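Trainee: One predicted model, sequence on top.
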Amino acid sequence: MVLQEHRVEPGESGDAYMQGTRNIEFAMKLLREDEDMSIRNYVEEEGAPMFLVYVQGPHLSVAAGFYDGEHVIVERLGESYVMLEGYANRR
């Protein structure tokens, strides 16, 4: 499992989900090209599952990714959690 966290405000800085998805694709590529055969076998046989935790503005979300032998698949695991104002009415 690899945990990545992105703090990105919506707008010009991009989308945290897409950035995280691209990072998982890049990590899978590096793992598949690793010199250690046990790591390459893990990716090919087990899919190297990863979790992505990402924050975009006040939204906290979780996605999971794995390698299916041909493609890297990344799916959101549920609705985003909105981190609203706290008891003191400020973030």
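Mentor: Good, I have the coordinates. Just so you know, these numbers come straight off a predicted model, no measurement behind them.
Trainee: Which of the three states applies to residue 69?
Mentor: At residue 69 the chain is in coil, as set by DSSP: H, G, I helix; E, B strand; the rest coil.
Trainee: And the helices in this protein, which stretches?
Mentor: Remark: helices assigned in the chain by DSSP state H are 16-32, 37-46.
Trainee: would you turn the ones you listed into JSON lines with mean pLDDT, distance to residue 61 and mean neighbour count?
Mentor: Using the backbone N, CA and C atoms, a C-beta is placed for each residue, glycine as well. Below are those laid out as JSON lines (pLDDT from 0 to 100; distance: least, C-beta to C-beta, whole Å; neighbours: other C-beta atoms under 10 Å):
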{"stretch": "helix 16-32", "mean pLDDT": "83", "distance to residue 61": "7", "mean neighbour count": "17"}
{"stretch": "helix 37-46", "mean pLDDT": "84", "distance to residue 61": "24", "mean neighbour count": "12"}
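Trainee: Residue 62 is nearest to which of those helices?
Mentor: helix 16-32 (10.2 Å; C-beta to C-beta).
Trainee: Report all helices and strands that the closest one contacts.
Mentor: When contacts are defined as 3 or more C-beta pairs under 8 Å, 6 or more residues apart in numbering; DSSP states H and E, helix 16-32 sits against strand 3-4, strand 7-8, helix 37-46, strand 50-56, strand 59-67, strand 72-76.
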